[in-house]
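*Asks:* quick one, structure for this:
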Amino acid sequence: MRVFIPVLTAVLGLSLVACSGQPAGTASPRPTVASATTSAATIAPTIAPTKAPASAPALPAPAELQGRWRAVVATAPSILEFTATNYTVTWLGGGNGRIEVEGDEITFFGSSDCPGRGTYRWSIDGDKLDLEPVGTDPCPFRLEWARSETYTRYD
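*Replies:* Numbers count the residues shown, from 1 in each chain. So this is what the prediction gives:
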């Protein structure tokens, strides 16, 4: 029996060396708290925070105003087209820009042909659109095609 115990001890010792990579009875190194904290701090989040789409207009045009409208301005035809956030006018070369609609007021801005902002009161009666300036519009071109003109729906 004495021969069997040393052999068993030697086999167990070799097994421990094979499993741990270190001789039996030797303590294995332990990770420090600092290394665990350091690696955790460098992990980036995998999900980015969500934002509202940039294209969502703050004050979009209502559906009844969107579309194409036609008038004759100073003997030249004018086509005025509205989307939820933009406008295009084809009169004497035309222009385009952004719009915001709040109640019965539409504000034109960011124009390719006019500086500043111009606000107009709008009303629709059947297929007729009327625009009247509210205050002073710094753009004479916009004032010419928009002031007191009656546009007819043109789709």
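*Asks:* check contacts around G118.
*Replies:* By CB atoms under 8 Å, 6 or more residues apart in numbering, G118 lies in contact with T107, F108, F109, P133, D137, P138, C139, R142, L143, A146. All C-beta atoms are positioned from the backbone trio N, CA, C, and that covers glycine.
*Asks:* now it. Nearest residue, chain neighbours left out?
*Replies:* D137 (3.5 Å; CB to CB, 6 or more residues apart in numbering).
*Asks:* would you mind listing the buried residues in stretch 140-154?
*Replies:* Within stretch 140-154, the residues scored as buried using 16 or more other CB atoms under 10 Å are F141, R142, L143, W145, A146, E149, Y151.
*Asks:* in which helix or strand would I find the third one?
*Replies:* Using DSSP states H and E, L143 sits within helix 140-146.
*Asks:* right, and the helix or strand after that helix?
*Replies:* Past helix 140-146, the next helix or strand by DSSP H and E is strand 150-153.
*Asks:* pull out the buried residues from stretch 66-82.
*Replies:* Those buried within stretch 66-82 under the rule 16+ other CB under 10 Å are W69, R70, A71, V73, S78, L80, E81, F82.
*Asks:* pull the most distant pair out of the residues you listed.
*Replies:* V73 and F82 (16.6 Å; CB to CB).
*Asks:* give me the neighbour count for the nearest residue to D113 once chain neighbours are set aside.
*Replies:* By the measure of CB to CB, 6+ apart, the closest residue to D113 outside its immediate chain neighbours is G95, 3.2 Å from it. G95: 19 surrounding residues under other CB atoms under 10 Å.
*Asks:* check contacts around G95.
*Replies:* By CB under 8 Å, 6+ apart, the neighbours of G95 are T88, V89, S111, S112, D113, C114, F141, R142.
*Asks:* now do 10 Å
*Replies:* Y87, T88, V89, F108, S111, S112, D113, C114, C139, F141, R142, W145 (CB atoms under 10 Å, 6 or more residues apart in numbering).
*Asks:* partners of it in the sheet?
*Replies:* V89 (DSSP bridges).
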